[in-house]
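> 3D, please:
(4 chains)
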Protein chains: 4
Amino acid sequence: YKARGRKPWKLILQIVKIAVVTIQLVSFGLSNQMVVQFKEENLMAFRHLFLKSFRDSSTDTYSIYTQHDVYTHIAFTVKQFLMLPSITVGNHQYEKEGDVYTPLTICQQFYRNGSISPANETFDIDAQVDEGDCLQIYPVPPFSPLTTNPLNFTLHFERLLTVTVNFTLKAINLETVEYHELPDCYVFDIMITFDNKAHSGRITIDLDNDVHIYECRDWSVTDASPRNMYMLVLFDVIVILILMLSLLLCARSVKAGVHLQFEYTEFFSIHHGKHVSFSDRMEFINGWYILIIVSDVLTISGSLLKIIIQLKAVASYDLCSILLGTGTMLVWIGVLRYMGYFKKYNILIITLRAALPNVIRFTCCAAMIYLGYCFCGWIVLGPYHTKFRTLNVVSESLFSLINGDDMFATFKNMQHKSDVVWLFSRLYLYTFVSLFIYMVLSLFITLITDTYDTIKHQQLDGEPVSDLQA
Amino acid sequence: YKARGRKPWKLILQIVKIAVVTIQLVSFGLSNQMVVQFKEENLMAFRHLFLKSFRDSSTDTYSIYTQHDVYTHIAFTVKQFLMLPSITVGNHQYEKEGDVYTPLTICQQFYRNGSISPANETFDIDAQVDEGDCLQIYPVPPFSPLTTNPLNFTLHFERLLTVTVNFTLKAINLETVEYHELPDCYVFDIMITFDNKAHSGRITIDLDNDVHIYECRDWSVTDASPRNMYMLVLFDVIVILILMLSLLLCARSVKAGVHLQFEYTEFFSIHHGKHVSFSDRMEFINGWYILIIVSDVLTISGSLLKIIIQLKAVASYDLCSILLGTGTMLVWIGVLRYMGYFKKYNILIITLRAALPNVIRFTCCAAMIYLGYCFCGWIVLGPYHTKFRTLNVVSESLFSLINGDDMFATFKNMQHKSDVVWLFSRLYLYTFVSLFIYMVLSLFITLITDTYDTIKHQQLDGEPVSDLQA
Amino acid sequence: YKARGRKPWKLILQIVKIAVVTIQLVSFGLSNQMVVQFKEENLMAFRHLFLKSFRDSSTDTYSIYTQHDVYTHIAFTVKQFLMLPSITVGNHQYEKEGDVYTPLTICQQFYRNGSISPANETFDIDAQVDEGDCLQIYPVPPFSPLTTNPLNFTLHFERLLTVTVNFTLKAINLETVEYHELPDCYVFDIMITFDNKAHSGRITIDLDNDVHIYECRDWSVTDASPRNMYMLVLFDVIVILILMLSLLLCARSVKAGVHLQFEYTEFFSIHHGKHVSFSDRMEFINGWYILIIVSDVLTISGSLLKIIIQLKAVASYDLCSILLGTGTMLVWIGVLRYMGYFKKYNILIITLRAALPNVIRFTCCAAMIYLGYCFCGWIVLGPYHTKFRTLNVVSESLFSLINGDDMFATFKNMQHKSDVVWLFSRLYLYTFVSLFIYMVLSLFITLITDTYDTIKHQQLDGEPVSDLQA
Amino acid sequence: YKARGRKPWKLILQIVKIAVVTIQLVSFGLSNQMVVQFKEENLMAFRHLFLKSFRDSSTDTYSIYTQHDVYTHIAFTVKQFLMLPSITVGNHQYEKEGDVYTPLTICQQFYRNGSISPANETFDIDAQVDEGDCLQIYPVPPFSPLTTNPLNFTLHFERLLTVTVNFTLKAINLETVEYHELPDCYVFDIMITFDNKAHSGRITIDLDNDVHIYECRDWSVTDASPRNMYMLVLFDVIVILILMLSLLLCARSVKAGVHLQFEYTEFFSIHHGKHVSFSDRMEFINGWYILIIVSDVLTISGSLLKIIIQLKAVASYDLCSILLGTGTMLVWIGVLRYMGYFKKYNILIITLRAALPNVIRFTCCAAMIYLGYCFCGWIVLGPYHTKFRTLNVVSESLFSLINGDDMFATFKNMQHKSDVVWLFSRLYLYTFVSLFIYMVLSLFITLITDTYDTIKHQQLDGEPVSDLQA
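This next block holds a predicted model:
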């Protein structure tokens, strides 16, 4: 069943497939790169424009601590918003609904009712959250800051949960003109959140934006052509067709294999009276075909999604990129199959495949110890080290430690508040690292070495035959 | 003595045990996470409120160098304290004793008496430390900064050891309302220390707080229920019962083993006249049972402590978390025992166990060299590199170096004051890294490989029998 | 054909070659070090002098966000330029053409024509880029800032692409006087670019300079001699001669080998009727000779280029350093050949050489998986992590991860915007690291181990003979 | 010659030796720690007091760029110096000579004579360096800043090489009073250097100090005793005596070995007529004894130096710590010898020792390639990456890369100026890392594995005997 005569066609098909899939992926990636960069630079510009004394390096600790600061920060944002046209160096403009510009909206969320008196250790809260009235500020030309009373606006800090400032800006990404493509129109829904949910004396400020991209309504660019959308879609369709063909051929092979397997099982149970083992049966179904089918299905759905995105601007970019990305990765891994035809390459691939079950088995054992360490580290060291705050982060940081991460920093940043915990942390880290790096990693190497030796000797002695091949 | 008939019950018990212990641990951890975060955010807010020009990144080097700065920093703290109600964005309030607010206290420690004249190289000091009078400042409504003479307060810097500013604030953690739990009341004992003990021209400032958490006296929250304390305690009791049962079963098994061992020893010394070797005797006592017993005892004491903490608010959270954490870790590691029943898993576990003595033995040898390097590095490089300041830190940094830490930074940060020391540091680091990474780590791998081979051949050839199994 | 009698001469020649080539390289490197440092310090000084509120640490994020900032930054640069003689602490001076100082030039690039209205989603752009008029500002002694209207200069931000500020300064590197060498004259063409191509609301500012170095026209230094150029050139010539000799000897050996090979092939095909295999034929052509020839050719061309550079100041320093550097590296690697004469060294070298094909073969297999991961990571994680922005960077960051880079940082910096992508990133990183560190790296070790064993047994059993040696 | 009867005495002596040597080292280290900290904190305080707008993080890039800055920085230093008594929070005072305070001295170094005109590309310099007149400023009580003309002081920046500001301060380390020890007196010779040697437009400022420590002349401390110097010296003497004894015993053993060897050689050449091989002869001289003798000699000289330091305050602390440190390290490594008596430990130690020659041999081979890469990296990448600036740094950074340093940072920080060099850097790094991590490190592991196997089989088969043991 390994007729060599049929191969060339399939091989050529696969090579073509790899080529077109990779080209498709790269073109998709490149076209997205510019969009991503424009979005990111705008977000950064908004942060610098609308947040008072914002500094690049301190993105994640941008927070304020006094009531006065809250008012001045809000006032600053409003002032910058009102003066935007004379400030910005980009081409940001207010959104218009009809003839009126859409306003900036300041809203606050607070507990409906409440008297909190920590001094007396008494409180009386209505857990219901009120939205309150929102303040709407319209930009009016000539654009200038409010000269009258700055903001008629009082915050009840005791009950305050969040203050949100919302507004919408529009912009056009002109950079594409340079590459003789049509510029897109962008709408940025900007939301600044002052978060006081913790009532811990610290209000964190966060600026985020939702971006909508669509074709501009009316445009004229000298010396630029509309994006060759149809060429792209055509290419995608070709990709899908090639993938379909590959899928079909593989499916036929698998089907033949399954068929053969049933016949063989029957033959065997009749003539030899023996039951065919599961692993022998699986021999008929080539794992590589399964891999190719999966990769084809993923890439086809990814390509379809991509066509839909390009035509109708339905945005589920993430899903599409995951489908295309995973598909392409599997296509590349599938190349290994054809390398297996060269004998010297084969032994390496076989070793990896043969070692896999043992490695997985061993990984299970190691995972038990690993999980034990995770739980223990989280509960004991969590309050004293940011790398042990949540279970997820613990797992990541331990995994990184095994693979040679900055260990000294982990040791050093452990807060030294309680001697017992400090001692425990030392014991914990030393034993964990020793156990995993010196014992577990070494055993991994041993497993691979052992498998390699076994396979090499098998190949030298003649492969031991299963019932099937006998 | 390996009757398979009894197993299922024990196995099910162990699985249940793992489940409930893990659930208990996770619930304990999650409930603590919010408290830890509230504490930490408050500490950060206090630092920003009460320390002048405090910046996040510079926590550990927050220090001042001039007399004027000391006065202004203290004045700033006092001003902020007096104005707190109109500044803070949280719900911090002063503590009240009766109707009077508890004051802020400024104390200084200094040598009782002394004239120090470095210029003449003479000094006359009374080593006794005086506490001096403490200045008490009461917050009086309407809360405003002192308008009269700012602070009638003189510091004798020559004799000054520390200035401490103490005050107490109260707050309520309202965040729990969101999760329909009752808020807790917090008391923060804040202590700001100006440390001049070194008299080196640099005063380091440190703000720290002690936190006490207790139930608020009087409360009313619409739409919230008191914490389901009793459910939690009930669950803990169930956990304890299950652990008791597991403990009992294991103890019985161990007891049976010990009994058998004694009988066997007797039988052997009578019939064969041979003395039974210690390792053969140990064969009767299953190491896994010991592990399970230890983990059960740890988890039971942890759970008991947890119940006490929840009922009476006796706070020894650290001990409890260490007990529970270590217990849970051992429970998870105990799972390996049941994996050993599958043959393919067994070889891996046996390899690890068999390699352990050799690895420990070798670790002892390596530790000698390691200790030699530690002492040598500490004494020679200590004054020139922060990573070699104390013996403990030297050990951590060398351990990290072996496991792939930032080596270049270690090289680079070595102060280049003396050529001899600089040369020595290069020699030291090169030889240490080469020796440990190239020789010692490689030998670890060899040890594991060797053990794996030995065990594999044993299993293929039939296990060599000890006297007992013969 | 391995006559030992001839060796000493060649060996001595090679040792001399290593010595002179290394000396030449080191002298070349040292003489360049001072120039590089002077250039770099000047660049840094220019940044501090001509960019407003420039700070060292923020080189790559130096950008501004408001129209007002653009004007003030340009005005600052002009002011500093005009006052330069009374500001700079170096010996920078304006360039002179005849008696007139060359001016500072401010140019702007913008789209020729355009009305952009994001609010209406309409735009009308002429993609042609206009250079506009350049503003030229002449420094006039006494050097003082402009007191009249600061800058008669308007920017149309909507259409603006870039603003460039150009000027030329001259300086003399006096540091060489200390080493009794003649100072060189430097011309710095400084270009400050305000880049608004993205129109994203953020203008990045970049200062760069072109440096030209030449001999000063007229000079007199007490107690200094002109650079001993001729000595250097003489030394280079000697180096070239030695390399020529080495090249000649190697070429002769190779030629003899090729000749022998043809004779042998003929002899074989006549007497044995067998075709000589390609690998047997290659045996005649010693790989080491090829290496030496390549290294000689590289070093000779490097030395020639160096002479040209020194004589005529034709600057292609990079090419010269690559030629010399690669040449020297190969010369050093060539030393391994002579180590092969000692038997114990030989086995190591042979192992490395013998393992190479297998390692390369395996690297190909691994590269397929690696490429798959690269493409997938780029397309999916690109928008969420700076380490996955471009294909090239993805490859570098994955390669670093395998070799123990900061893994936790990679995990942590992944933007958590979409849950699917976040989950995917975890899966991606965990599988990638596990696969490559635990499986692929282990297999590398196994390959080397296996080769070493094979070779050792061959040497013990007597080397298996090929047809040739039989 | 391995008489077991003699051992116990020696063993006990060695254990005592380890104990006392380690105690001596630790006490030496601890007593120094406080001194080092005091020095360092003072240096930091001086930097903050005397350097204008100095910030902790920017130690190595503290530099200024304008003439005005130079004047203001010098004026600031002078002002702070004059007002020191009312500023400092430590007990710093001016030095007194007789009744007069020693002044602050401002000196400048410049080329004697010179007209530099980069614009005309002409210069005329006298390479002789003039010291010029130094300005002396005396602190006069009441200490206040200069109110008259700030500083009558002109700098010729064109010819200026350095400006140095020198002054001397005294202080007493009072912290020791806490530990009931006598305080020491410190003299700080502070030197601030404005370095304009490069004339690159950037003046780097550096503050450094020389510290002299001696006993204060006149002191009285209630409740403190003079340092128990004599006890320390006594302990040192005991250490020396024990080491002498150990040295003596070892020397005797070695001497006996040498004697035996000569007899044996003679016996052999007479009776067997065979020449004794060098390695057989070396068998007589136990390597461990050599190690112990070296460690003893080092520690004895270290202890003697320590006594001298303690008695006469001759300060060569670095040499003393290197001697003591290395000695102690070797003493600890010597422990391995006694571990060799246990058989299971022995195999590990023997493996390490047996693998050493092969490892060193292989390291030589690897070093050739390594050196090649070093030279090549230095010459080509030096101008574009700080990690490749000097040969020494190149070696360190490559060594770190092999052992898992931050590789991505190395990739990323490569300046992208020339495409050829950029491409070269990628090729360079990829090949270097692959070659060394995948091939060289793997071969190390193989070497150790192989040696371990060899030794294990030897031990199982009975050790092969040399002529001597036959």
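
> ok, now which ones touch the one residue in the stretch 151-300 of chain A that gets nearest to chain B?
Closest residue of the stretch 151-300 of chain A to chain B, Cβ to the nearest Cβ: A:Gly201 (3.1 Å). No exception for glycine: its C-beta is placed from N, CA and C like everyone else's. A:Gly201 makes contact with A:65, B:41-42, B:45-46, B:49, B:88-90, B:92, B:171 under the criterion Cβ atoms under 8 Å, 6 or more residues apart in numbering or on different chains.

> Mind doing that once more with 10 Å?
A:Gly201 sits next to A:65-66, A:157, B:41-46, B:48-49, B:84, B:87-92, B:169, B:171, B:188 when contact means Cβ atoms under 10 Å, 6 or more residues apart in numbering or on different chains.

> which residues in chain A form helices?
A:7-50, A:67-82, A:84-87, A:175-178, A:229-271, A:278-284, A:287-312, A:317-339, A:343-381, A:391-402, A:407-412, A:419-433, A:441-461 (DSSP state H).

> Check the gap between A:Ser31 and C:Phe424 for me.
21 Å (Cβ to Cβ, to the nearest Å).

> ugh, wrong one, A:Leu291
19 Å.

> Counting neighbours, go ahead and name the busier of the two.
C:Phe424 (22 against 17; other Cβ atoms under 10 Å in any protein chain shown).

> separation between the more buried one and C:Gly382?
Using Cβ to Cβ, C:Phe424 is found at 12 Å from C:Gly382.

> hey, what's in contact with both of these two?
Jointly contacting C:Phe424 and C:Gly382 under the rule Cβ under 10 Å, 6+ apart are A:321, A:325.

> Tell me, how many residues neighbour the closest residue to A:Val100 other than its chain neighbours?
Leaving aside its sequence neighbours, A:Val100 sits nearest to A:Tyr138 (Cβ to Cβ, 6 or more residues apart in numbering or on different chains; 7.2 Å). By the other Cβ under 10 Å criterion, the neighbourhood of A:Tyr138 contains 11 residues.

> need the contact list for A:Tyr138.
A:82, A:94, A:100-104.

> Also A:Tyr438?
For A:Tyr438, the contacting residues are B:355, B:359, B:362-363, B:366, B:402-403, B:440-441, B:444-445, B:447-448, by Cβ under 10 Å, 6+ apart.

> Closest approach to chain D from chain A, which residue is it?
Counting by Cβ to the nearest Cβ, chain A gets nearest chain D through A:Gly404, at 4.5 Å.

> Based on its surroundings, how many neighbours for that residue?
23.

> How about the residues of chain A by chain D?
Taking Cβ under 10 Å from any Cβ of the partner chain as the criterion, chain A approaches chain D at residues A:403-406, A:442, A:445, A:449.

> What is the most widely separated pair among the residues you listed?
Largest separation among the residues of chain A next to chain D by Cβ to Cβ: A:Asp406 and A:Thr449, giving 29.9 Å.

> before we move on, back to that, show me which of the contacts of A:Tyr138 are buried.
Taking 16 or more other Cβ atoms under 10 Å in any protein chain shown as the criterion, what is buried in the contacts of A:Tyr138 is A:82, A:94, A:101-104.

> Same list (the residues you listed) but as CSV, adding distance to D:Ala75 and pLDDT.
Formatted as CSV, the buried ones among the contacts of A:Tyr138 follow (distance: Cβ to Cβ, whole Å; pLDDT from 0 to 100):
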residue, distance to D:Ala75, pLDDT
A:Leu82, 45, 88
A:Tyr94, 52, 89
A:Tyr101, 54, 86
A:Thr102, 56, 88
A:Pro103, 54, 89
A:Leu104, 49, 89
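
> out of these, who's nearest A:Trp219?
Nearest member of the buried ones among the contacts of A:Tyr138 to A:Trp219, counting by Cβ to Cβ, is A:Tyr94, at 19.9 Å.

> mind listing what the nearest residue to the closest one once chain neighbours are set aside touches?
Closest residue in space to A:Tyr94, ignoring its immediate chain neighbours: A:Tyr101 at 4.2 Å, by Cβ to Cβ, 6+ apart. By Cβ under 10 Å, 6+ apart, the residues touching A:Tyr101 are A:93-95, A:138-141, A:143, A:167-168, C:119.

> now the nearest residue to A:Leu247 once chain neighbours are set aside: how far from C:Ile292?
Spatial nearest neighbour of A:Leu247, excluding adjacent residues (Cβ to Cβ, 6+ apart): A:Asp296 at 4.2 Å. Distance of A:Asp296 to C:Ile292, given as Cβ to Cβ: 51 Å.

> burial measure for A:Leu260, as a count.
By other Cβ under 10 Å, 13 other residues sit near A:Leu260.

> Ok, A:Arg361 next?
With other Cβ under 10 Å as criterion, A:Arg361 counts 17.

> A:Phe444 is in contact with that one, correct?
No. Look at A:Arg361 against A:Phe444 with Cβ atoms under 10 Å: they stay out of range, at 11.7 Å.
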